[in-house]
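Trainee: any chance you can model this:
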Amino acid sequence: MYCSYYDSLVGRIYLESDGVYLTVLAIEGQPLYKDGCEVSKIEVFTKVEKWLDAYFKGDVPSLDKTLLKPGGTVFQKTVWELLMEIPYGETISYGKLARKVAKSLHRDKMSAQAVGQAVGHNPISILIPCHRVVGSHGNLTGYAGGAEKKQKLLELEGVDLTHMYLPKEKGYSLSSLKNEYDKMQKKYGAKELDAISFGGCEDHPKLCFVFMNPTGRNIASLKSWYGLKAPWIGTKNVWDLFSALHLIDDEIYLKIRSMTGKEWTEGFAYSVYENVKKHRYFITNLGKCTQVDARPLSDNVYLKYLDLLKMEFQLVCPKVIILFGNQVSSIVLGEKISVSEVRRKCFLREIGGRVYKFYAVYYPVGNGRFNIDKSIADINWIMEHEGIKKHDEVVSS
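Mentor: Numbers count the residues shown, from 1 in each chain. All right, here's what the predicted structure looks like:
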């Protein structure tokens, strides 16, 4: 491995090569950036630095794509190839890019979230211009290392930013939270697995379900999985809970029950979470550091994720938040909680100037499977008490 550095208006840039090709270009603050590497003088770095000189002077330098060799899955490389087709000084939305990816892969549709994940894992920033992908309505979201860097690069290229804006909530967006979780996976999770973030309705869901921490049973944690990195993909038991609560269509649920975990496809996972959105709920975990098994994690590890979870609440704005189990409930609510003693009790907590409603409920899966009937009964009561109608009730009313 060879490396070098380049100082730019968006911060110091780290370059990495196998000796022939450029394999990494990371701006300081991005996950692949490394400090303290011994600088090498090789031909590919000289060519890339010459290109960067011209680019940061405001020129439009031509790029020899044969210099680049990003490592990734077939799906990721497909996305990155399409990024390189975005003209200098222009932008594209994640949704439109997803449609282009679907067409390239001969699919009917493609999840914008899955495409966003691939964009976020681009190992060669600037040259593979992931900064030219923007959120809906001009949101400058989803750039590892900070949206401000994305803004500077687009300004340099002369993009009209009049109708664009930086993400709210202290620069965080759901996409940038996923980048944070990816970084934390390297510290607290299994190195061979990816972080699992969240999924479902992201715009004022009626319910937000907070579980503990993902495991390798979720096939979306595999590095070869290019679809949604959402909870409970490839598993069965938790969907029993949602089925009993009438929060998933029977057709989808029966398919889940008939399939093994390995039979889940990226397309089916997308369909499942579209159904979750339809029923207007959001699924997340307190911890996002995927483990190979269901090993217990210390409070200290979970506390590392608490502020980011609270940011999720602020970005998603759920009506009611369901906390599963004693440990999750105690950490999120900031007091010692025994679920058996607080059943159907509403806790009010202020986060970012808004008051949220929390309920602590028995953990319904894994070692808590024997409590699933109590979980179902309590959540049904909560939904009725909070005036939350189920989807079939809304349709028939």
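Trainee: which stretches of this structure have low pLDDT?
Mentor: For the chain, the stretches flagged by pLDDT under 70 are 137, 142, 145, 165-172, 391-397.
Trainee: list the buried residues in the helix ranked longest in the chain.
Mentor: Using DSSP state H to define each element, the chain has its longest helix at helix 299-316. Within helix 299-316, the residues scored as buried using 16 or more other CB atoms under 10 Å are 301, 302, 305, 308, 309, 311, 312, 313, 314, 315, 316. Any C-beta I mention is one placed from the backbone N, CA and C, and that applies to glycine too.
Trainee: show residues contacting that helix.
Mentor: Helix 299-316 is contacted by residues 169-170, 172-174, 177, 180-181, 184, 188, 198, 201-205, 208, 210, 213, 282, 284, 286-289, 321, 327-328, 330-332, 351-352, 354, 356 when judged by CB atoms under 8 Å, 6 or more residues apart in numbering.
Trainee: which of those count as buried?
Mentor: 172-174, 177, 180-181, 184, 188, 198, 201-202, 205, 208, 210, 213, 282, 284, 286-289, 321, 327-328, 330-332, 356.
Trainee: tell me which of those fall in strands.
Mentor: Among those, DSSP state E puts 198, 208, 210, 282, 284, 321, 356 in strands.
Trainee: show me what the second one bridges to in the sheet.
Mentor: When you say that, I think you mean residue 208. Beta-bridge partners for residue 208, by DSSP bridges, are residue 282, residue 321.
Trainee: which residues touch it?
Mentor: Applying CB under 8 Å, 6+ apart, we find residue 208 in contact with 281, 282, 283, 284, 313, 316, 318, 320, 321, 322.
Trainee: CSV for those, including distance to residue 105?
Mentor: Shown next, in CSV, are the contacts of residue 208 (distance: CB to CB, whole Å):
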residue, distance to residue 105
281, 29
282, 28
283, 26
284, 28
313, 35
316, 29
318, 33
320, 38
321, 37
322, 36
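Trainee: tell me where the chain has helices.
Mentor: For the chain, applying DSSP H gives helices covering 43-56, 74-83, 94-104, 112-120, 147-156, 174-188, 237-244, 250-258, 266-278, 299-316, 326-333, 372-385, 391-396.
Trainee: and stretch 243-261, what's buried?
Mentor: Using 16+ other CB under 10 Å as the test for burial, stretch 243-261 gives 243, 244, 245, 247, 248, 249, 252, 253, 255, 256.
Trainee: if I pick the fifth one, what's in contact with it?
Mentor: Read it as residue 248. 239, 242, 272, 275, 276, 279.
Trainee: distance check, it against residue 274.
Mentor: 11 Å (CB to CB, to the nearest Å).
Trainee: overlap in contacts, those two.
Mentor: By CB under 8 Å, 6+ apart, no residue touches both residue 248 and residue 274.
Trainee: tell me the contacts of residue 297?
Mentor: By CB under 8 Å, 6+ apart, the contact list for residue 297 reads 188, 212, 213, 287, 289, 291.
Trainee: how about the residues you listed in a markdown table, adding distance to residue 2?
Mentor: Below are these laid out as a markdown table (distance: CB to CB, whole Å):
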| residue | distance to residue 2 |
| --- | --- |
| 188 | 30 |
| 212 | 42 |
| 213 | 38 |
| 287 | 36 |
| 289 | 31 |
| 291 | 34 |
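Trainee: max pairwise distance over those residues: which two?
Mentor: The most widely separated members of those are 188 and 212, with 13.2 Å between them, by CB to CB.
Trainee: spit out the residues that contact these two alike.
Mentor: Here residue 188 and residue 212 have 287, 297 as joint contacts, going by CB under 8 Å, 6+ apart.
Trainee: next, count neighbours for residue 104.
Mentor: By other CB atoms under 10 Å, the residues close to residue 104 number 13.
Trainee: state the distance from it to residue 332.
Mentor: Taken as CB to CB, the span from residue 104 to residue 332 is 42 Å.
Trainee: what sits against the nearest residue to residue 74 once chain neighbours are set aside?
Mentor: Excluding the flanking residues, the one nearest residue 74 by CB to CB, 6 or more residues apart in numbering is residue 226, at 8.0 Å. By CB under 8 Å, 6+ apart, the contact set of residue 226 is 73, 74, 75, 76, 114, 117, 118, 266.
Trainee: let's see 10 Å
Mentor: Taking CB atoms under 10 Å, 6 or more residues apart in numbering as the criterion, residue 226 is in contact with 72-76, 78-79, 110-111, 114-115, 117-118, 121, 220, 266.
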